[in-house]
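Trainee: Pasting the sequence and the predicted coordinates here, then a few questions.
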Amino acid sequence: MKKLQVTAVSLPALAVVVLLLTARRPSFLRWYEPSVASLPSGPYPKSAPPAVARVPRDCDIFRGEWVPAVAAADDGAAPYYTNRSCTEIQEHQNCMKYGRPDLGFLRWRWRPERCELPRFDAPAFLHLVRGRSMAFVGDSLARNHMQSLMCLLSKYPKDVSKTTDPEFRTVRYESHNFTIAAFRSPYLVTANQSDPAGGLWDLYLDEPDAAWVTGVGGFDYVVVSTANWFNKPSMFYEAGRLVGCHYCLVPGVADLTLRYSLRAAFRTALRALLTAGGAAGFGGTVVVRTLSPTSHFEGGEWNKGGDCRRTRPYAAGEARVAVRDLDLHAAQVEEFRRAEAAARASGSPARLLLLDTTAAMVLRPDGHPSRYGHWAHENVTLYNDCVHWCLPGPIDVWNEMLLQVLLLNS
């Protein structure tokens with residue numbers, strides 16, 4: 001019987017506790033039913049090239065382990081791209097450029113328990129999405145996901161953005177009439193920083209953020225993801241009145257925890273996307289990507305010297321998981337299931353797919369930029385980055401998974 005260490009970290013209001021959970025399987029998320037249970041039955045779609053590699057329908061691609069990429073079996077075990085071949089890598093994710101000395105983190109692949117996950121097939125992906133559009137909605141990790149996809153596609157799209165703000169970028173692959181866009185919305189709902197000095201935010205948990213909800217109506221796919229911002233001290237409003245907070249330390253205001261706010265925000269966002277005639281006017285496919293772990297800082301919190309210097313993935317029994325990551329992941333999956341049932345009952349034209357990447361990423365403390373997002377001699381005030389992911393890096397598996405999910409649901 002393998003043991004998993006679960007540690008609460010980095011929340012000011014919580015003491016550090018250690019829980020021991022037992023799990024026969026290598027994934028820490030075993031208590032969730034495999035998402036493949038809700039996939040449609042029947043023959044494979046004809047919309048993709050017949051030669052494209054597919055996973056069996058009974059294989060849960062989200063549960064597995066990281067294994068060394070063997071040169072003979074894995075296309076030379078080489079990364080899909082480098083910082084020289086892809087110009088979409090932001091500086092703080094450009095680990096190769098800024099001298100990360102160990103590149104072994106690029107030599108691992110994700111292996112599901114009951115099948116092999118095919119490498120990303122750019123021609124197959126572009127064939128599948130020909131004439132369609134995909135929006136990434138969320139925080140900077142949503143943009144990290146989009147940039148990984150653009151690097152994997154290995155083509156130079158045309159920038160068709162309507163704004164110079166890089167947080168709301170739109171590009172089109174004209175050869176396939178495929179559009180990708182980013183909509184920055186760290187909370188998914190209306191939010192403003194009421195106290196910049198103290199870092200306090202006001203969250204209007206029943207109001208979808210107009211920054212994205214008014215722009216995604218014509219898209220075929222909307223990939224929704226966010227979590228980390230909910231750790232910030234926040235005041236919660238519903239129906240125009242204050243209902244509680246997270247770590248606001250205001251007398252008389254109940255601390256409802258960050259799980260409360262994330263759950264409410266996802267419920268609001270998914271309702272906006274699934275309600276016929278709603279603000280989003282959306283009738284396509286909603287892909288909910290689960291959270292990227294916050295528990296890879298070691299030796300201190302993110303702003304107190306914490307760092308991530310590991311050079312290989314965790315084995316299944318080694319992973320340390322923040323209690324808050326478990327709580328937030330649970331809330332995301334539960335809200336996905338709730339929205340899925342509501343859409344089915346209402347006859348909504350929109351549909352939902354779950355991209356449950358959390359279990360795989362918990363095992364990759366070696367894939368973050370750490371200090372390699374700038375030159376060592378630069379006088380910068382950045383903290384060690386154990387939140388975003390190096391490009392290329394483990395994050396590319398999100399798009400390997402995304403392609404398979406879309407193939408199974410086309």
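Mentor: It's in.
Trainee: Helices of the chain, residue ranges please.
Mentor: 122-128, 140-153, 210-213, 257-274, 323-346, 358-362, 396-408 (DSSP state H).
Trainee: Distance to Phe230 and mean pLDDT added to the ones you listed, as CSV?
Mentor: C-beta: built from backbone N, CA, C; applies to glycine. Rendered in CSV, the data for these read as follows (distance: least, CB to CB, whole Å; pLDDT from 0 to 100):
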stretch, distance to Phe230, mean pLDDT
helix 122-128, 31, 96
helix 140-153, 13, 97
helix 210-213, 17, 95
helix 257-274, 4, 95
helix 323-346, 7, 94
helix 358-362, 15, 96
helix 396-408, 20, 97
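Trainee: can the ones you listed go into TSV with extra columns for distance to Ser194 and mean neighbour count?
Mentor: Compiled in TSV, the helices of the chain are given as follows (distance: least, CB to CB, whole Å; neighbours: other CB atoms under 10 Å):
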stretch	distance to Ser194	mean neighbour count
helix 122-128	42	17
helix 140-153	22	23
helix 210-213	18	20
helix 257-274	15	23
helix 323-346	23	19
helix 358-362	31	25
helix 396-408	33	23
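Trainee: Kindly present these as TSV, with separate columns for distance to Tyr204.
Mentor: Converted to TSV, the helices of the chain look like this (distance: least, CB to CB, whole Å):
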stretch	distance to Tyr204
helix 122-128	36
helix 140-153	20
helix 210-213	11
helix 257-274	9
helix 323-346	18
helix 358-362	27
helix 396-408	29
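Trainee: out of those, nearest to Phe168?
Mentor: Nearest to Phe168 among these is helix 210-213 (7.6 Å), distances taken as CB to CB.
Trainee: chain center to the closest one: distance?
Mentor: 19 Å (CA atoms, centre = their mean, to the nearest Å).
Trainee: Just give the nearest non-adjacent residue to Arg184, would you?
Mentor: Glu167 (3.7 Å; CB to CB, 6 or more residues apart in numbering).
Trainee: cool, Gln193 as well?
Mentor: That would be Trp201: by CB to CB, 6+ apart, it lies 5.4 Å from Gln193.
Trainee: Does Arg267 touch Arg337 like I think?
Mentor: No - look at Arg267 against Arg337 with CB atoms under 8 Å: they stay out of range, at 11.5 Å.
Trainee: wait, what's in contact with Leu256?
Mentor: Phe236, Val243, Gly244, Cys245, His246 (CB atoms under 8 Å, 6 or more residues apart in numbering).
Trainee: where's the nearest residue to Leu103 once chain neighbours are set aside relative to Pro369, distance?
Mentor: Distances taken as CB to CB, 6+ apart place Met96 nearest to Leu103, at 7.5 Å, with adjacent residues excluded. Distance, Met96 to Pro369, using CB to CB, to the nearest Å: 10 Å.
Trainee: joint contacts of the two?
Mentor: Cys390.
Trainee: okay, the two: which has more neighbours?
Mentor: Pro369 (26 against 19; other CB atoms under 10 Å).
Trainee: How about the contacts made by that one?
Mentor: Per CB under 8 Å, 6+ apart, neighbours of Pro369: His92, Gln93, Asn94, Cys95, Tyr98, Arg100, Asp385, His388, Trp389, Cys390.
Trainee: ok, which pair from the residues you listed is furthest apart?
Mentor: Every pair of the contacts of Pro369 checked by CB to CB; the farthest is Tyr98 and Trp389, at 14.4 Å.
Trainee: So the two - more neighbours on which side?
Mentor: Trp389 (26 against 20).
Trainee: ok, now which ones touch that one?
Mentor: Gln93, Leu141, Asn144, Ser148, Ser292, Gly367, His368, Pro369, Ile395.
Trainee: Model confidence score at it, please.
Mentor: On pLDDT, Trp389 comes in at 96.
Trainee: hang on, the earlier thing: just checking, the residue nearest to Arg184 touches Ala181?
Mentor: No - counting by CB under 8 Å, Ala181 is not a contact partner of Glu167; they are 10.9 Å apart.
Trainee: quick one, which of those two is more surrounded?
Mentor: More neighbours surround Ala181 than the other of Glu167 and Ala181, with 23 against 15 (other CB under 10 Å).
Trainee: so what's that one up against?
Mentor: Taking CB under 8 Å, 6+ apart as the test, what Ala181 contacts is Ser133, Met134, Ala135, Phe136, Phe168, Arg169, Thr170, Val171, Gly215, Phe219.
Trainee: Same check on Tyr237?
Mentor: Here Tyr237 is in contact with Asp202, Leu203, Tyr204, Leu205, Val243 (criterion: CB under 8 Å, 6+ apart).
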